[in-house]
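In: Generate a structure from the sequence data that follows.
(2 chains)
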Amino acid sequence: MLAAVATFALEGVKPQEVTVEVDVRLGLPTFTLVGLPDRAIRESRERVRAALLNSDLDFPQKRLTVNLAPAHVRKAGPSFDLAIAVGLLAASGQVPAEQLEQWALAGELSLSGELRPVRGALNAALGARRAGYRRLLVPEANASEAALVEGIEVSAIPSLTRLADLLHERWTPEPARPAVPDPDEPPSDLPDLADVRGQEDAKRALEIAAAGGHNLLMVGPPGAGKTMLARRLPGILPPPSFEEALEITQVHSAAGIGNGRLATERPFRAPHHTISAQGLVGGGTRPMPGEITLAHRGVLFLDELPEFARSAVDALRQPLEEGRVEITRGQRTLDFPANAIVVAACNRCPCARPPDRCSCTTLELARYQRRLSGPLVDRIDLVCQVEAVPAAALVEERGEGRTPSIEVRARVVAARRRQLARLAGAGVLCNGDMDGRLTRRQVPLDANLAARLLAIRERIPLSGRGHDRVLRVARTIADLDGRELLAEQDLDEALSYRLDAWQRAEA
Amino acid sequence: MIDSCDACLRRALLIAHLAPRIARLLGRSERRAHGLLALPEEDLLAATAGRHVERALTFLESVDVQHERARLAERGCLAVCTHSAGYPPLLSDLPDPPAVLFGAGRYDPLALLAEEPAVTVVGTRRASPYGTEVAYALGRGLGASGVPVVSGLALGIDGTAHRGCLDGGGVPVAVVASGPDVVYPRRHRSLHARVQETGLVLSELPPGTEPYRWSFPARNRIMAGLARMTLVVEAADPSGSLITAEFAKDLGRCVAAVPGRVTSSLARGTNNLLKDGATPISGTEDVLDELFGVGVRSAVAPGDSRAAPSDPLLCAVLEAAEASDSVETAAQKTGCSIPETRAALGRLESEGYLVRGDLGGWERAAR
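Out: The predicted structure follows:
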């Protein structure tokens, strides 16, 4: 007898429908698994056999053939266990098969017949809804995550026995509750800007970066607080919208780092500088998301930027330009979302000592700064210096004057709202995502400002990109100030944040 | 302008012909051609040509002086020999003065070298930001005061001194180890062109000659010979700049040095010079006092005629930025908000009062 059960595999972070076909017929007892399974799937035979027997169900002593369709796509991971087991039950007539046509399921089996959580339950739910399934069965631990998707019924299944009961209509599970954050829950414990003493200039730069989604480079000696400042960026970014939260949760679910609930905060990723290109943008024989994808809709912090391998930083070109990563392996091309604000940090010179004790030669300086060129630096809109705060200011116990993150966030949200209204239909969400053409269209200059910009360019040689960057940042500054029209001081301020120093650096 | 007698030109071309032989003779370890360049022609041939003496003699016979002159003129080169009126008089003090000085650039610096005392500013190629700053300021101050600045067009201090001199409106004189038209190092292509435009590039080797290891110390003796004072801005020990200082000392010229940090290995050479009695230099004024006597000539502030910005706020921010304060300190001093200070900085830069440093930070624009 033949049975078919639908389940979902992960293609990067996208769900890919897989039909598990099970054929049971008379013959010598064998178990054949086809359809490019990996080791974990091959081993599922043992798990399925033990789970069925331990659940007082029958493992048919017949000729069993399992096919994972489409047969040309490589499949991996233990999330096919449940579908194979249910396929066997249906094909051997132990459970009625009619309802299975409208159901999709995913889960890993333990030998006792209980269901273990799998990665990508949210992604599977999205896939199942798109494919038109009415119900998704997942392990209990994944249910609330999968239930975030509206328009499909998600049922939490504790064990194979229960599943058999469900198919026999002897048991009805409670509908799973979506894991939306509890509004009564106290606000999350993100680090607050008010913890940072001084650094008003860097805080301003962070605010502009958050308001316009601009990439930022912080330059300063070790211990000045660059990391501390960067960690506070997610807290002043607008809270993720439901769609953004779904995207974040989907990525984290696929990577197995989610907490099973809808993300309420934007991710902050700070990979060490020894990371490989693959680790940063994703890859591997079974492509896994890289740090830039894990930071999707959040912040990617690259401390000690010049120490990163050139190849790794260069690999960020595509994600920075397109907000996604494309990874090709064999005949498959996987698409990972990768839209994050990049915050980078570096020292002023290789010895990292203050200017009056620095022992670097100008050649060493030039070499160090040359390491900062390339596609990443081309996409950095803001640069600011972070000086060490004098010890006296640190000791001073005066917290009240400092602006808390929540206030800054309110200004950022207002600025973003202006951008959204202006950029509606342009396909981007914030000023930082505008390309050159869009920038020139969206940041019109009146005669006065155009003359000012011309005067600036006479004195300061701005490249075409540099010119666009100044305009983008000026636009964001005006948005923060609540003005629809750009003013001269916006251009002037934006000019002071630009990064083009080493174009004229020379030994 | 070609002003060289046949004998001198022959000798100069012979040295260029023998240059690779000299390089091989000295080997890898020795860089200085002690006394070789002072030998009369026959001895020079005997000392260097060895088995190739025949070939060298044939070359010497085949030299067509008229043809060579025409070629030099065609290339727009200068050439003055020891017997020429244009030959820098101070250079004759050398035990082994170059027979001919080839030049690329203008002629009037040669006349200036005869009238005005020049200063040779040299130093390490691996300069610290401090050395770079001082070399630039000295070059600019001397240039503005009308003192010709002689240097070697090398990376680091040399090039920076030239640049300062150019920016100060002075006359740079570069003495190079290759032919005067050969750019070495390649990175100084544009600087080489600028020096030719307002000053002069000199060499004892004819145009087209590539530099040799020995020709660097050899040109150092010319630098020392051209100037009244040899000023070492920053030098480790050992260093090529110390060779120049030694030549100057042997000639009885003034040797001066800029004090450096005692903990820095980059300043060991200069600090040792000071210990041995070199004149300490802390600014253009010191150099002028030493050259002309105390107070005889005062330094001309290099073109500092620019009015301060009219806006009092811009003025205040400019002052704070010049004191190399951070944006935050500048804001505190002026009582402005950060955005206002930032805008003022952008404005000052776009109006040419400030220059952005590497990776942010501002400094006063050179004018």
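In: what's near enough to touch residue 248?
Out: You didn't say which chain, so I picked chain A. A:Pro240, A:Ala263, A:Arg266, A:Pro267, A:His296, A:Arg297, A:Gly298 (C-beta atoms under 8 Å, 6 or more residues apart in numbering or on different chains). All C-beta spots, glycine's among them, are computed from the backbone N, C-alpha and C.
In: right idea, wrong chain: chain B
Out: B:Thr120, B:Ala224, B:Ala227, B:Met229, B:Thr230, B:Cys254, B:Val255.
In: Of those residues, which is the nearest to chain A?
Out: Checking those against chain A by C-beta to the nearest C-beta gives B:Thr120 as the nearest, at 20.9 Å.
In: secondary structure element for that closest one?
Out: strand B:119-122 (DSSP states H and E).
In: Ok, A:Ala414 next?
Out: Using DSSP H and E, A:Ala414 sits in helix A:405-423.
In: can I see the domain layout of chain B?
Out: Listed domain ranges for chain B are B:2-292, B:312-364 (source: automatic domain parsing).
In: so how far is A:Glu145 from A:Val259?
Out: Actually, residue A:259 is Asn. It isn't Val. Going from A:Asn259 to A:Glu145 by C-beta to C-beta, to the nearest Å gives 9 Å.
In: out of these two, which sits in the busier spot?
Out: A:Glu145 (29 against 11; other C-beta atoms under 10 Å in any protein chain shown).
In: dump the residue contacts of the more buried one.
Out: Contact partners of A:Glu145, counting by C-beta under 8 Å, 6+ apart, are A:Ala121, A:Leu122, A:Ala125, A:Ala179, A:Thr249, A:Ser253, A:Gly258, A:Gly260, A:Arg261, A:Leu262.
In: any idea of the pLDDT on the fourth one?
Out: Pointing back at A:Ala179 there. Looking at A:Ala179, its pLDDT is 80.
In: Kindly list the main-chain dihedrals of it?
Out: Backbone torsions of A:Ala179, given as degrees, to the nearest 10, read phi -90, psi 50.
In: burial measure for the closest residue to A:Arg49 other than its chain neighbours, as a count.
Out: Computed as C-beta to C-beta, 6 or more residues apart in numbering or on different chains, the closest residue to A:Arg49 that is not its neighbour in sequence is A:Phe59, at 4.9 Å. For A:Phe59, the count of nearby residues is 19 (other C-beta under 10 Å).
In: Who are the contact partners of the most centrally placed residue in chain A?
Out: Per C-alpha atoms, centre = their mean, the C-alpha nearest to the average position across chain A is that of A:His296, at 2.7 Å. Shown in contact with A:His296 (C-beta under 8 Å, 6+ apart): A:Glu247, A:Ile248, A:Val251, A:Pro267, A:Pro337, A:Ala338, A:Asn339, A:Ala340.
In: what's the closest of the residues you listed to chain B?
Out: Distance to chain B, by C-beta to the nearest C-beta, is smallest for A:Ala340 among the contacts of A:His296, at 23.0 Å.
In: so who does the spatially closest residue to the closest one that is not a sequence neighbour touch?
Out: Nearest non-adjacent residue to A:Ala340, counting by C-beta to C-beta, 6+ apart: A:Ala295, 3.9 Å away. Shown in contact with A:Ala295 (C-beta under 8 Å, 6+ apart): A:Pro267, A:Phe268, A:Arg269, A:Ala338, A:Ala340.
In: ok, now which ones touch the first one?
Out: In this case it means A:Pro267. By C-beta under 8 Å, 6+ apart, A:Pro267 lies in contact with A:Pro234, A:Ile248, A:His252, A:Leu294, A:Ala295, A:His296, A:Arg297, A:Gly298, A:Val299, A:Ala340.
In: secondary structure element for the residue of the stretch 51-200 of chain B found nearest chain A?
Out: The nearest approach of the stretch 51-200 of chain B to chain A comes at B:Arg126, 4.3 Å away (C-beta to the nearest C-beta). Assignment of secondary structure by DSSP H and E places B:Arg126 within no helix or strand.
In: Tell me the confidence at it?
Out: pLDDT for B:Arg126: 88.
In: Test my guess that it contacts B:Ala267.
Out: No: under the criterion of C-beta atoms under 8 Å, B:Arg126 is not in contact with B:Ala267, lying 11.9 Å apart.
In: Have a look at these two and say which one is more surrounded.
Out: B:Ala267 (25 against 19).
In: so how far is chain A from that one?
Out: Relative to chain A, B:Ala267 is positioned 10 Å away (C-beta to the nearest C-beta, to the nearest Å).
In: Can you tell me the closest non-neighbouring residue to that residue?
Out: Closest residue to B:Ala267 apart from its sequence neighbours, by C-beta to C-beta, 6+ apart: B:Gly260 at 2.3 Å.
In: Tell me how far B:Ile15 lies from A:Arg357.
Out: Separation of B:Ile15 from A:Arg357 (C-beta to C-beta): 47 Å.
In: Where does the residue nearest to the centre of chain A sit: helix, strand or coil?
Out: The three-state label given to A:His296 by DSSP: H, G, I helix; E, B strand; the rest coil is coil.
In: Identify the spatial nearest neighbour of it, chain neighbours not counted.
Out: Going by C-beta to C-beta, 6+ apart, A:His296 has A:Pro337 as its nearest residue, at 4.8 Å.
In: Could you spell out the sheet neighbours of the strand or helix carrying A:Thr32, each with its direction?
Out: Taking DSSP H and E as the definition, one finds A:Thr32 inside strand A:30-34. Sheet neighbours of strand A:30-34, with direction, are listed as strand A:63-69 (parallel) (DSSP bridges).
In: Surely A:Phe8 touches A:Val20?
Out: No: counting by C-beta under 8 Å, A:Phe8 does not reach A:Val20; the two are 10.9 Å apart.
In: out of these two, which sits in the more crowded spot?
Out: It is A:Phe8, of A:Phe8 and A:Val20, that has more neighbours when counted by other C-beta under 10 Å, with 28 against 25.
In: tell me which parts of the stretch 1-150 of chain B are close to chain A?
Out: With C-beta under 8 Å from any C-beta of the partner chain as the criterion, the stretch 1-150 of chain B meets chain A at residues B:Arg125, B:Arg126, B:Ala127, B:Ser128, B:Pro129, B:Thr132.
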